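Colleague: Here's my sequence, what's the structure:
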Amino acid sequence: MEEDKLRNIRYVKVPEGLDIKAEGFRINPEIMLPVQLMPGSTRLRKEDITIESIMAGMLFVVAYDEASENFQYYREFIKAADPTIAERLNEAAIAKEQQKNYDFAEELFLAVYHLLPQSASCINLATLYSYMAVDARDRKKDEEEDEYLSKARHTLLDGLRRFGEDERILAEISSFEAYMGNLEDARDYLERYMAVAEEGEKKQEMKKLLSRISFQLENDEDIKAAYDFMMLDQPEKTIEITNGFVKKNPRIWNGYFLRAWALRKVGRYDEARKDLLKCLELGETSSDIYNELSICELECGNRDLAKTYLETAADLDPDNLTVASNLSYLYLGDKEFDEAREYLEKARFLSGDDKIVKELIEEYEKATGEKIGEMIHEEIVHNEEEDDDVYQAEIAEIMNGAPPEEHECHCHHHHHGGEE
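Modeller: This next block holds a predicted model:
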């Protein structure tokens with residue numbers, strides 16, 4: 001029960017003369033009736049007790065307090081007093097939602113769902129909570145967003161509890177979990193949906209979603225396995241897995257990159273270079289790709305091209321320690337000491353006490369006779385636009401460690417009136 005929402009409810013005895021002309025329903029004079037206080041009021045006046053205020057009070061209790069001991073009585077009272085009220089409340093709720101009057105829309109949709117529980121009213125309420133979550137996100141209210149997403153999921157699960165394997169609710173919760181990135185849950189609900197859904201356009205649409213999610217999950221497993229073998233220093237296993245992956249998915253860059261990394265580790269530099277160039281051809285650019293290309297070109301004797309690739313990597317990711325130290329190494333080897341010092345100081349700033357960076361600094365000092373003191377570093381300053389780019393790159397890197405999850409747009413269509 002949401003007690004804060006019920007603080008404006010007071011309970012009164014059944015007023016004299018109150019009667020409901022409905023077959024099968026009789027007013028119980030022993031049950032107190034809820035009345036909603038007038039806006040701004042803290043006390044209930046006699047003139048405020050009307051059939052309208054009583055109905056409003058009962059609707060509020062029905063909406064927010066299913067645990068009330070008199071819930072069922074109030075529910076039947078409302079339906080007896082106005083048999084068409086659920087439909088009209090539903091239309092009003094949709095209108096309020098469109099006006100972004102979400103609190104009022106919530107009250108109305110909850111009342112409809114509890115007055116006339118069916119899959120349509122369940123989905124409408126879950127839809128509202130999804131919109132409220134988006135609104136909270138736009139206002140940067142993370143806790144509110146989480147709360148409304150939780151309410152949307154809870155509402156759909158409640159619908160499954162009430163109505164069993166309802167195909168419309170299963171379709172909705174499948175799309176919701178896919179949108180949230182919970183692909184395994186989405187697949188489970190989709191498989192349940194397929195078992196009960198009638199043939200038609202909607203089922204064909206959901207079959208496509210199931211196919212995409214299954215594809216994503218299977219590919220994730222391949223990519224994760226390939227990456228794990230690289231971490232275990234078993235590049236041959238990675239090559240074996242990625243060969244199959246690339247054959248099945250020739251337009252997905254991740255497979256080419258992992259295979260290139262493994263090929264480079266076993267000394268097959270020309271093959272690795274071809275895979276890395278394929279990543280660029282597919283539209284993917286990252287400092288990791290250019291760093292790997294640099295290593296391959298260096299091993300193939302193309303030192304200038306290796307340096308060019310590393311400079312591109314540094315432009316893409318100015319805070320990458322590996323790139324900075326690799327450029328330092330190349331510039332030192334070519335006796336380009338000004339450039340070497342620039343990247344050594346950057347590497348010192350990024351690395352702290354990294355052993356390789358210390359060795360490169362010692363090499364620089366020995367070659368030039370100049371000292372790079374402990375506190376010498378280049379202050380790295382980005383403007384706001386550059387910071388946004390770095391942030392996006394970090395997010396993309398996290399997403400692309402395994403192939404990014406494909407989120408379905410969580411779209412809704414309101415149900416008007418009763419079940420379709």
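
Colleague: Now do the helices in the stretch 51-200 of the chain.
Modeller: Under the criterion DSSP state H, counting those that start in this stretch, the stretch 51-200 of the chain contains helices at 51-64, 71-81, 85-98, 102-115, 119-138, 142-163, 167-180, 183-196.

Colleague: got it, and the stretch 301-420 of the chain?
Modeller: Taking DSSP H, counting those that start in this stretch as the criterion, the stretch 301-420 of the chain carries its helices at 303-316, 321-333, 337-351, 355-368, 384-400.

Colleague: Tell me which of those helices approaches residue 99 most closely.
Modeller: helix 384-400 (33.4 Å; Cβ to Cβ). The way it works is simple: take the backbone N, C-alpha and C, and place the C-beta from them, glycine included.

Colleague: residues of the longest helix belonging to the chain that come out buried?
Modeller: Counting residues, the longest helix found in the chain (DSSP state H) is helix 201-231. Buried residues in helix 201-231, counted by 16 or more other Cβ atoms under 10 Å: 206, 209-210, 213, 216, 219-220, 222-223, 226-227, 229-230.

Colleague: winner for burial among the helices of the stretch 301-420 of the chain?
Modeller: Across the helices of the stretch 301-420 of the chain, averaging neighbours per residue (mean count of other Cβ atoms under 10 Å) puts helix 321-333 on top, at a mean of 22.

Colleague: for that one, packing partners?
Modeller: Here helix 321-333 touches helix 287-299, helix 303-316, helix 337-351, helix 355-368, going by 3 or more Cβ pairs under 8 Å, 6 or more residues apart in numbering; DSSP states H and E.

Colleague: Take those helices and lay them out in JSON lines including distance to residue 182 and mean pLDDT.
Modeller: Output for those, formatted as JSON lines (distance: least, Cβ to Cβ, whole Å; pLDDT from 0 to 100):
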{"stretch": "helix 287-299", "distance to residue 182": "28", "mean pLDDT": "93"}
{"stretch": "helix 303-316", "distance to residue 182": "32", "mean pLDDT": "92"}
{"stretch": "helix 337-351", "distance to residue 182": "36", "mean pLDDT": "82"}
{"stretch": "helix 355-368", "distance to residue 182": "41", "mean pLDDT": "84"}
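
Colleague: Can you lay out those helices as a markdown table showing distance to residue 89?
Modeller: Formatted as a markdown table, those follow (distance: least, Cβ to Cβ, whole Å):
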| stretch | distance to residue 89 |
| --- | --- |
| helix 287-299 | 56 |
| helix 303-316 | 55 |
| helix 337-351 | 61 |
| helix 355-368 | 68 |
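
Colleague: OK, contacts around the nearest residue to residue 351 once chain neighbours are set aside?
Modeller: Excluding the flanking residues, the one nearest residue 351 by Cβ to Cβ, 6 or more residues apart in numbering is residue 357, at 4.6 Å. Neighbour list for residue 357: 321, 325, 328, 344, 347-348, 351 [criterion: Cβ atoms under 8 Å, 6 or more residues apart in numbering].

Colleague: change it to 10 Å
Modeller: 321, 324-325, 328, 343-344, 346-351 (Cβ atoms under 10 Å, 6 or more residues apart in numbering).

Colleague: on that earlier part again, out of the helices of the stretch 301-420 of the chain, which gets nearest to residue 198?
Modeller: Residue 198 lies closest, by Cβ to Cβ, to one member of those: helix 384-400, at 36.4 Å.

Colleague: Tell me the spacing between residue 237 and residue 151.
Modeller: Relative to residue 151, residue 237 is positioned 45 Å away (Cβ to Cβ, to the nearest Å).
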